[in-house]
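Trainee: what's the 3D shape of this:
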Amino acid sequence: MSYDFHKNERRKFFRVNESLQLSYEVVADDHVLEDLAEGESEFSLATEIEAINQELVVILGMIENTHSLIADYLKLLDDKVNLIAHSLLAEENLLKNEPLRDANLSASGIGFECEEQLTVGSIVAIKFLLESSMKII
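Mentor: Got it, this is the predicted structure:
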């Protein structure tokens, strides 16, 4: 009997299987906010670059409507800056010593194999790097 994946699939989100540099730790309830704030500062460069890129997309779209040649030039400059930024982020990658783990990602969550059995309901801090975009999440 054949298994019809699409017929039996109940998930509502697209899922991606990926090998990631990933770290995790179980966080005590009383330290959640402190630990999250500490982690944010570690990845501020990647976060700032992404925020600036979001603003650039809007402005570049407006320029492109009236000055396509200038827009093309600015896109090339942006690509150049992004290459340099990715290189810097790769060198400073705080997860570079973490092993690659197979993970399953979706809009509703992440699944990955870990060394220990985690208790249902535990609060887990997870950090991983999406190498294609050099985004640390």
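Trainee: in the chain, where is pLDDT below threshold?
Mentor: 1-13, 30-44, 90-95, 130-137 (pLDDT under 70).
Trainee: may I ask you to name the longest strand in it?
Mentor: strand 15-26 (DSSP state E).
Trainee: just checking, what packs against it?
Mentor: strand 100-106, strand 109-112, strand 124-130 (3 or more Cβ pairs under 8 Å, 6 or more residues apart in numbering; DSSP states H and E). All C-beta atoms are positioned from the backbone trio N, CA, C, and that covers glycine.
Trainee: for Gln54, which of those is the nearest?
Mentor: strand 124-130 (16.1 Å; Cβ to Cβ).
Trainee: the closest one vs strand 15-26, what angle?
Mentor: On the basis of axes from the mean of the first three to the mean of the last three Cα atoms, to 10 degrees, strand 124-130 is oriented at 130 degrees to strand 15-26.
Trainee: list the helices and strands strand 124-130 packs on?
Mentor: strand 15-26, helix 32-42, strand 135-136.
Trainee: how about a cut-off of 10 Å?
Mentor: strand 15-26, helix 32-42, strand 100-106, strand 109-112, strand 135-136 (3 or more Cβ pairs under 10 Å, 6 or more residues apart in numbering; DSSP states H and E).
Trainee: just the CA atoms of the first one, as CSV, please.
Mentor: In other words, strand 15-26. Taking C-alpha atoms only, strand 15-26 is exported to CSV below (Å, rounded to 0.1, in the frame of the first residue of the first chain):
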residue,chain,number,x,y,z
ARG,A,15,8.9,22.6,6.3
VAL,A,16,12.6,22.6,5.4
ASN,A,17,15.2,20.0,6.3
GLU,A,18,18.6,21.6,6.9
SER,A,19,22.0,20.9,8.5
LEU,A,20,22.7,23.8,10.9
GLN,A,21,25.3,24.9,13.3
LEU,A,22,23.0,24.9,16.3
SER,A,23,23.4,25.4,20.1
TYR,A,24,20.7,24.9,22.7
GLU,A,25,20.4,25.1,26.5
VAL,A,26,17.6,24.5,28.9
